[in-house]
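# please find the sequence and the predicted model below.
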Amino acid sequence: MGRNTKLTSEERGKIDVLKEEGLSNREIARRINRSVTVVCNYVNLGDNYGINKRRGIQRKLTSRQVRLIVREATHPSSSSSKIQNALDLPVTARRVRQVLNQSGVVKWVKKSRKPLLNEEHKRCRLQFAKDHMAWTSDWQRIIFSDEKKFNLDGPDGINSYWHQVGTERKVSFSRNFGGGTVMVWGAFSYQGTTPICWISTRMNSRNYIEILEEFLLEYGKKFHSDNWIFQQDNASIHNSKATKQFFETNNVTVMNWPARSPDLNPIENIWGLMAHKVYEDGQFHSVTDLKTKICQVWEGLSKNYLENLVNSMPERIYEVIKNNGSSTHY
């Protein structure tokens, strides 16, 4: 190919793809068998590549078009390609993304996953918040609890990472039937954590009561004497007749918890932190290794971290009231 021959549309597309993968201009040039200079010119000029500037032919966006691009981006399910087509813009989708990144108004982020709340859910959450809006140090008496699933192959949906150019790519291996799964139950308060407890994915009321007998009662007495309240979500085994009888027999006060409110339970923040730390070195080859790592991370939670989570409760309550029962950012 001649030294001065411009890049074809196919070559430009390859450069765009390789550049998005993080490759250097030199590596891209080697892969498409072109000079580094040609590749650098295209990367630097972008949409202006191949345009004769002496003729004054440049595809520019007007200020009105820029405003329309930003406005279109706020619509549900919008994308740079859809915006480019909807507005019939004289630039590529890549240029649209550049405009949005430079706008300072919109930002490409992943959607947050939150429970779907109907009006009854919101009403109960709002009432709960109003009932506890005056609580401050009272939250230090609450023992928060929850269950969490950990997979050998890592958290669902987390497959991306920052790749260092020039090094071998990381590989996520897969196993038949999704590999192994570990379920845990844990609880914590302002004073510390209970031991982590391994549970079955098909736990029933009897199993749950056994956990409470072995882990909860001892923890409550050790750290809070008789002055504590237990928090749990609204799973069926948590509210069964047998479980309620257990609480009554052992004089355990249970907090009336609103449905679909993980954002109000600070232990959810612990699970998020643990998922990050448990899988920081990648996947696990055995359930034993996964359990060992889970225990290490759980036992390594600092008391200051736990105290800060409990101290965040007044702010969570305030945000529920401010949002009229809707989800918070927690």
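Looks like it came in fine. This is a predicted model, so every value here is computed, not measured.
# can you map out the helices along this protein?
Along the chain, counting by DSSP state H, helices occupy 9-20, 25-32, 36-45, 63-73, 80-86, 93-103, 119-131, 205-211, 217-224, 241-249, 267-278, 287-299, 303-311, 313-322.
# nearest to Asp146, of the ones you listed?
helix 267-278 (4.7 Å; C-beta to C-beta). For the C-beta atoms, the positions are set from N, CA and C on the backbone; glycine is no exception.
# report the distance from that closest one to the chain centre.
Distance, stretch centre to chain centre, for helix 267-278: 10 Å (C-alpha atoms, centre = their mean, to the nearest Å).
# that older thread, would you convert the helices of the chain into TSV that also reports mean neighbour count?
Output for these, formatted as TSV (neighbours: other C-beta atoms under 10 Å):
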stretch	mean neighbour count
helix 9-20	14
helix 25-32	16
helix 36-45	16
helix 63-73	16
helix 80-86	16
helix 93-103	17
helix 119-131	16
helix 205-211	17
helix 217-224	16
helix 241-249	13
helix 267-278	17
helix 287-299	15
helix 303-311	15
helix 313-322	17
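# okay, the ones you listed in a markdown table with mean pLDDT and distance to Ser145 next?
What follows is those, written out as a markdown table (pLDDT from 0 to 100; distance: least, C-beta to C-beta, whole Å):
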| stretch | mean pLDDT | distance to Ser145 |
| --- | --- | --- |
| helix 9-20 | 84 | 44 |
| helix 25-32 | 89 | 51 |
| helix 36-45 | 86 | 53 |
| helix 63-73 | 87 | 41 |
| helix 80-86 | 86 | 44 |
| helix 93-103 | 86 | 42 |
| helix 119-131 | 96 | 17 |
| helix 205-211 | 96 | 9 |
| helix 217-224 | 94 | 10 |
| helix 241-249 | 97 | 12 |
| helix 267-278 | 93 | 7 |
| helix 287-299 | 95 | 13 |
| helix 303-311 | 97 | 13 |
| helix 313-322 | 97 | 15 |
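# any chance of TSV for those helices, columns distance to Gly180?
Shown next, in TSV, are the helices of the chain (distance: least, C-beta to C-beta, whole Å):
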stretch	distance to Gly180
helix 9-20	34
helix 25-32	38
helix 36-45	45
helix 63-73	42
helix 80-86	40
helix 93-103	40
helix 119-131	34
helix 205-211	20
helix 217-224	28
helix 241-249	28
helix 267-278	14
helix 287-299	5
helix 303-311	28
helix 313-322	34
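# closest to Ile196 out of these?
helix 287-299 (4.8 Å).
# follow-up on the earlier one: the helices of the chain: which one's closest to Lys149?
Judged by C-beta to C-beta, the one of those that comes nearest to Lys149 is helix 267-278, at 9.5 Å.
# with only the CA atoms kept, save the closest one in CSV.
Only the C-alpha atoms of helix 267-278 are listed here, as CSV (Å, rounded to 0.1, in the frame of the first residue of the first chain):
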residue,chain,number,x,y,z
ILE,A,267,-25.2,-4.7,56.4
GLU,A,268,-25.8,-4.4,52.7
ASN,A,269,-22.9,-2.1,52.6
ILE,A,270,-20.8,-4.7,54.3
TRP,A,271,-21.8,-7.3,51.7
GLY,A,272,-20.7,-4.9,48.9
LEU,A,273,-17.3,-4.3,50.6
MET,A,274,-16.8,-8.0,51.1
ALA,A,275,-17.6,-8.9,47.5
HIS,A,276,-15.0,-6.4,46.4
LYS,A,277,-12.3,-7.8,48.8
VAL,A,278,-13.2,-11.4,48.5
